[in-house]
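J.: Below are the sequence and a predicted model; questions follow.
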Amino acid sequence: MEYDLVIEGGRVATAETVFTADIAISEGRIAAIGSGLTGAESIDADGLIVTPGGVDPHCHIEQMSGMGLMNADTFETATRSAAMGGTTSVISFAAQAKGQRLAEAAADYAARGARGAAIDHAFHLILADPQAPDYETDLAALIGQGHRSLKVFTTYNIGLDDARILRALSIAREAGALTCIHAENDAIIAEARTRLLAEGRTRPIDHAASRPRAAEIEAVARMCRLAEEARAPVMIFHVSTAEAVAEIAAARARGAPVWAETCPHYLFQTEDVLDRPGVEGAKWMCSPPQRTRADQEALWAGLARGDLQLVSSDHAPYRFDETGKLSAGPDAPFPAIANGMPGLEVRLPLMFDAMVSRGRLGLEKFVELTATAPARLYGLATKGHIAPGYDADLTLWDPARTVTYGADDLHDNVGYNPWEGHGVTGWPVHVFLRGRQVVEGGTYRGIPGTGQWLHRAAIGTETRDITGRPI
Ligand code: DUC
Ligand code: ZN
Ligand code: ZN
């Protein structure tokens, strides 16, 4: 049988195993895996590692921030950047504005994705205003239509109180959705911020002290209890502290339906990245902030044990100018500076370098954390694995290629690279989305508007990986 395309002789990596094989693709799906397969077209993958395309389940694209600032990236620029870094599916946000119907927010973001996305995508529904018209009916209906994840905050101006979070958990459980949570205690943050400003401590490095680790620890522990009580699955976003990892591990040991992620900036950076002359440190400002080396080790241990299941980018793009980080002026105090960094394009190379090239946890675990687990946990049934029937979303890595990041070498619209000077070994040279090449030898070939919205089936408290093992 002749296939559309055969990727020949690569080292094929799944979350379970690594083997040398040809991968045959027809009509955008993996049709066969074996040897001696032939196709209308072929690519020689000898010497390359073939992984599932990355699934980045936490990124902010074409989204209005809580401060009323638009992200620097559109779907066109963000998905270009993602693809250039080996990622073929993203889950970004459909952010409800105050007073806005959820259905309207979902339709608005769906139109943005349909217009610009060059890779496949889905949305977490941000619940910002439970008082908005038709809130509960819209929420249940949207979940039923295939939007299978929500996002709530315990802080920021869109934070929900415990009663409202419990209500959202109950609706999510009934309708079959996973609730993602930004968990930091609002009162602890407010108190710290007031004290720092009174002391005249307004610089980006002071942002770190303004988000005390206790804020994360308390809110994570509380959200784990709410999930347990509601028997509704939650995903704790961007875990940064050792104590929060311990809270999550304890909750999971009790049987609470709790999953959790961390991000490369918590694994590889510490709070001193914020300590630069003037407001330069604003480029690295994110919430929660980067922590300590001991926290990094605890996060890695949590990933190794499976108490944390995945690594997302939390791509939150703002330019270092008056349209973004410096919208409140060139000497803005830290509370007036937007939080977030670009990460879509660097997530996979940073993790490949650490896990595969340097050997920390290995290639299979790299695939699990960056593609298989996010696809399984978020209900992306055709993504995140290499086997017949799955979408032919594949990233081909040159494991020997070494790159040192430059000042502005990413393909997003952010204009700086927070990883400038950081070297990685292992590079995504070819990327395929549903069998179509979107990156060819490092050259972008994606087409805006061809990325598909991913309908998802119900998510419950039991989530299993490709082998049927509970995650
Ligand atoms: N923190 C968030 O909570 N969201 C976006 C970026 C960030 O740093
Ligand atoms: Zn967050
Ligand atoms: Zn985020």
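T.: Alright, I've got the coordinates. Only a predicted model underlies this, so the values are computations on that prediction, with no experimental measurement involved. Ligands and ions are numbered 1, 2, ... in the order given.
J.: Find the nearest non-adjacent residue to residue 281, please.
T.: The shortest distance from residue 281 to any non-neighbouring residue, by Cβ to Cβ, 6 or more residues apart in numbering, is to residue 204 (3.2 Å). C-beta coordinates here come from the backbone N, C-alpha and C atoms, glycine included.
J.: Might you name the residue of the stretch 51-200 of the chain sitting closest to ligand 1?
T.: Nearest residue of the stretch 51-200 of the chain to ligand 1 (Cβ to the nearest ligand atom) works out as residue 182 at 5.0 Å.
J.: Pretty sure the residue nearest to residue 281 sits against residue 276.
T.: Yes. Counting by Cβ atoms under 8 Å, residue 276 is a contact partner of residue 204 at 7.2 Å.
J.: Those two: who's more crowded?
T.: residue 204 (24 against 15; other Cβ atoms under 10 Å).
J.: which ones are touching the closest residue to residue 433 other than its chain neighbours?
T.: Nearest residue to residue 433, sequence neighbours excluded (Cβ to Cβ, 6+ apart): residue 88, at 4.8 Å. By Cβ atoms under 8 Å, 6 or more residues apart in numbering, the residues touching residue 88 are 53-55, 82, 119-120, 383, 393, 395, 431-433, 438.
J.: between these, which is nearest residue 61?
T.: Residue 61 lies nearest to residue 82 out of these, by Cβ to Cβ, at 9.0 Å.
J.: returning to that earlier point: next up, the contacts around the residue of the stretch 51-200 of the chain closest to ligand 1.
T.: Neighbours of residue 182 in contact, by Cβ under 8 Å, 6+ apart: 151, 152, 153, 154, 155, 156, 237, 238.
J.: Also residue 225?
T.: Residue 225 touches 251, 256, counting by Cβ under 8 Å, 6+ apart.
J.: now residue 408
T.: 415, 416, 417.
J.: try 10 Å this time
T.: 414, 415, 416, 417, 420 (Cβ atoms under 10 Å, 6 or more residues apart in numbering).
J.: That one belongs to a helix?
T.: No. Counting by DSSP: H, G, I helix; E, B strand; the rest coil, one finds residue 408 to be coil, located in no helix.
J.: what do residue 204 and residue 276 both touch?
T.: Shared contacts of residue 204 and residue 276, counting by Cβ under 10 Å, 6+ apart, come down to 282, 283, 284.
J.: interface residues of this structure facing ligand 1?
T.: 60, 182, 286, 287, 314, 316, 339, 340 (Cβ under 6 Å from any ligand atom).
J.: Make CSV from those and add pLDDT, distance to residue 355 and secondary structure to it.
T.: Converted to CSV, the residues of the chain next to ligand 1 look like this (pLDDT from 0 to 100; distance: Cβ to Cβ, whole Å; DSSP: H, G, I helix; E, B strand; the rest coil):
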residue, pLDDT, distance to residue 355, secondary structure
60, 98, 25, coil
182, 98, 26, strand
286, 98, 22, coil
287, 98, 26, coil
314, 98, 19, coil
316, 98, 24, coil
339, 96, 27, coil
340, 97, 24, coil
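J.: got the end-to-end distance for stretch 354-373?
T.: Terminal residues of stretch 354-373 lie 18 Å apart, using Cα to Cα, to the nearest Å.
J.: hang on, residue 350 is in a strand, isn't it?
T.: No. Using three-state DSSP, the assignment for residue 350 is helix, not a strand.
J.: Would you mind extracting the C-alpha trace of the lengthiest helix in the chain into PDB?
T.: Of all the segments assigned as helix in the chain under DSSP state H, the longest by residue count is helix 213-230. Taking Å, rounded to 0.1, in the frame of the first residue of the first chain, the C-alpha atoms of helix 213-230 are listed here in PDB:
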ATOM      1  CA  ARG A 213       5.300  31.600  49.000                       C
ATOM      2  CA  ALA A 214       2.700  31.300  51.800                       C
ATOM      3  CA  ALA A 215       0.200  32.800  49.300                       C
ATOM      4  CA  GLU A 216       0.700  29.900  46.900                       C
ATOM      5  CA  ILE A 217       0.900  27.300  49.700                       C
ATOM      6  CA  GLU A 218      -2.300  28.400  51.400                       C
ATOM      7  CA  ALA A 219      -4.400  28.700  48.200                       C
ATOM      8  CA  VAL A 220      -3.100  25.400  46.800                       C
ATOM      9  CA  ALA A 221      -4.000  23.500  50.000                       C
ATOM     10  CA  ARG A 222      -7.400  25.100  50.100                       C
ATOM     11  CA  MET A 223      -8.200  24.400  46.400                       C
ATOM     12  CA  CYS A 224      -7.100  20.800  46.900                       C
ATOM     13  CA  ARG A 225      -9.700  20.500  49.700                       C
ATOM     14  CA  LEU A 226     -12.400  22.100  47.600                       C
ATOM     15  CA  ALA A 227     -11.700  19.700  44.800                       C
ATOM     16  CA  GLU A 228     -11.800  16.800  47.300                       C
ATOM     17  CA  GLU A 229     -15.100  18.000  48.800                       C
ATOM     18  CA  ALA A 230     -16.700  18.600  45.400                       C
END
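J.: chain center to that helix, what's the gap?
T.: 21 Å (Cα atoms, centre = their mean, to the nearest Å).
J.: which residues in the stretch 1-150 of the chain form helices?
T.: Under the criterion DSSP state H, counting those that start in this stretch, the stretch 1-150 of the chain contains helices at 75-84, 102-116, 135-144.
J.: how close does the residue lying closest to residue 321 once chain neighbours are set aside sit to residue 330?
T.: Using Cβ to Cβ, 6+ apart and skipping the chain neighbours, the partner closest in space to residue 321 is residue 415 (7.3 Å). Using Cβ to Cβ, to the nearest Å, residue 415 is found at 16 Å from residue 330.
J.: Compare the two (neighbour count), which wins?
T.: With neighbours defined as other Cβ under 10 Å, residue 415 and residue 330 compare such that residue 415 has more, 18 against 10.
J.: Can you give the domain ranges for the chain?
T.: For the chain, the structural domains run 2-52+385-444, 54-356, going by automatic domain parsing.
J.: Could you dump those domains into TSV and include distance to residue 379?
T.: Below are those laid out as TSV (distance: least, Cβ to Cβ, whole Å):
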stretch	distance to residue 379
domain 2-52+385-444	14
domain 54-356	5
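J.: Tell me how many other residues crowd the residue nearest to residue 9 when sequence neighbours are not counted.
T.: Spatial nearest neighbour of residue 9, excluding adjacent residues (Cβ to Cβ, 6+ apart): residue 46 at 4.6 Å. Per other Cβ under 10 Å, the neighbour tally for residue 46 reads 9.
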